[in-house]
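Colleague: quick one, structure for this:
(one chain, ligands or ions: 2)
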Amino acid sequence: MKKGFVFDLDGVITDTAKYHFIAWQALAEELGITIDLAFNEQLKGISRMESLERILAFGHQAEKFTEQEKQALAEKKNTHYVELLQSLTPNDLLPGVKAFLDQAKALNIPCAIASASKNAPFILEKLGVKEDFQAIVDPNTLSKGKPDPEIFIKACQLIQVQPSDAIGFEDAQAGIQGIKAAGMYAIGVSVGEPLDGADQIIHSFTEITAKELQQR
Ligand code: B16
Ligand code: MG
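Modeller: Ligands and ions are numbered 1, 2, ... in the order given. Below is the predicted model:
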């Protein structure tokens, strides 16, 4: 059966969580809300608007803003975040990622991105790996975010691979749940946090090869 690889972006291909944190923290400070790195953990894999809702709820300001004002706050955070992304280079790829993508290419295994980030195409371009992916799911086309399996099912459709033949890579608990609900094999990329339900856990892509996964 034809295999396929489906990758989350933040925390799997590169670590943009630190930039999300800087930008969310600055916005939260302006609103008089203090968030720390532990709080940031629960924003991983969660959409921009959902992240804002969680920050406002944490600061007891959930009811304070209209929808339009919330859109403006999210836009402000994103402008700051995109400024921070300008410094990204191929050196910001996580260890082993480029070699793994090259192996997949040599084996003709299609690769897709299933990220909640609307900035994914720009980030992949800055990292110099956009051409290594045959598909990038557009989060604007989704009706539900992770842990719903929709984004992973869509990624499989775009690369024309059955979910049961696809392997998904995720660093967030909600993502692992989504991959499993899609009927795929889930590899958790973890630097320490537990990821319940993953079929396999790796710390980095240096621990696996595309060939061994193709044969599993
Ligand atoms: P944006 P992933 C997610 O990326 C991030 O983990 C999450 O923190 C962020 O809020 C979300 O993308 C949306 O990002 O504001 O750029 O659209 O882990 O799904 O690759
Ligand atoms: Mg992630």
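
Colleague: I'd like the next helix or strand past the helix or strand of the chain with the lowest mean pLDDT.
Modeller: Taking mean pLDDT, DSSP states H and E as the measure, helix 37-41 is the helix or strand of the chain with the lowest mean score, a mean of 91. Once the chain leaves helix 37-41, the next helix or strand it forms, by DSSP states H and E, is helix 48-58.

Colleague: can you name the residue of the protein nearest ligand 2?
Modeller: The minimum distance from the chain to ligand 2, using C-beta to the ion, falls at residue 11 (3.6 Å). (C-beta placed from N, C-alpha, C; glycine too.)

Colleague: you'd agree that residue is up against residue 195?
Modeller: No. The pair residue 11 / residue 195 is not scored as a contact, 10.7 Å apart, by C-beta atoms under 8 Å.

Colleague: please say which of those two ends up with more neighbours.
Modeller: Higher neighbour count among residue 11 and residue 195: residue 11, with 22 against 18, using other C-beta atoms under 10 Å.

Colleague: residue for residue, what is the longest helix this protein has?
Modeller: For the chain, the helix reaching the highest residue count under DSSP state H is reported as helix 67-85.

Colleague: so the residue lying farthest from the centre of the chain, which of the three states?
Modeller: Distance from the C-alpha centroid of the chain peaks at residue 64, with 29.3 Å (C-alpha atoms, centre = their mean). When classified by DSSP: H, G, I helix; E, B strand; the rest coil, residue 64 comes out as coil.

Colleague: can you list the residues of the chain near ligand 2?
Modeller: With C-beta under 5 Å from the ion as the criterion, the chain meets ligand 2 at residues 8, 10, 11, 45, 171, 172.

Colleague: is ligand 1 contacted by the least confident helix or strand of the chain?
Modeller: No. Using C-beta under 6 Å from any ligand atom, we find that helix 37-41 stays clear of ligand 1, coming within 8.1 Å at best.

Colleague: tell me the pLDDT at residue 42?
Modeller: Reading off the confidence values, residue 42 has pLDDT 87.

Colleague: report how many residues lie close to it.
Modeller: For residue 42, the count of nearby residues is 15 (other C-beta under 10 Å).

Colleague: correct me, but it touches residue 54?
Modeller: Yes. Using C-beta under 8 Å, residue 42 and residue 54 qualify as a contacting pair, with a distance of 6.6 Å.

Colleague: could you chop the protein up by domain?
Modeller: The chain breaks down into these domains under automatic domain parsing: 4-14+90-214, 17-85.

Colleague: any idea which of those is most buried?
Modeller: Mean neighbour count (mean count of other C-beta atoms under 10 Å) peaks for domain 4-14+90-214 among those, with a mean of 19.

Colleague: quote the end-to-end distance of that domain.
Modeller: Taking C-alpha to C-alpha, to the nearest Å, domain 4-14+90-214 runs 8 Å from one end to the other.

Colleague: can I take it that residue 100 is in a helix?
Modeller: Yes. With three-state DSSP as the criterion, residue 100 is assigned to a helix.

Colleague: give me every residue that touches the nearest residue to it once chain neighbours are set aside.
Modeller: Nearest residue to residue 100 in three dimensions, chain neighbours excluded: residue 205, at 4.4 Å (C-beta to C-beta, 6 or more residues apart in numbering). The contact partners of residue 205, by C-beta atoms under 8 Å, 6 or more residues apart in numbering, come to 94, 95, 96, 97, 99, 100, 189.
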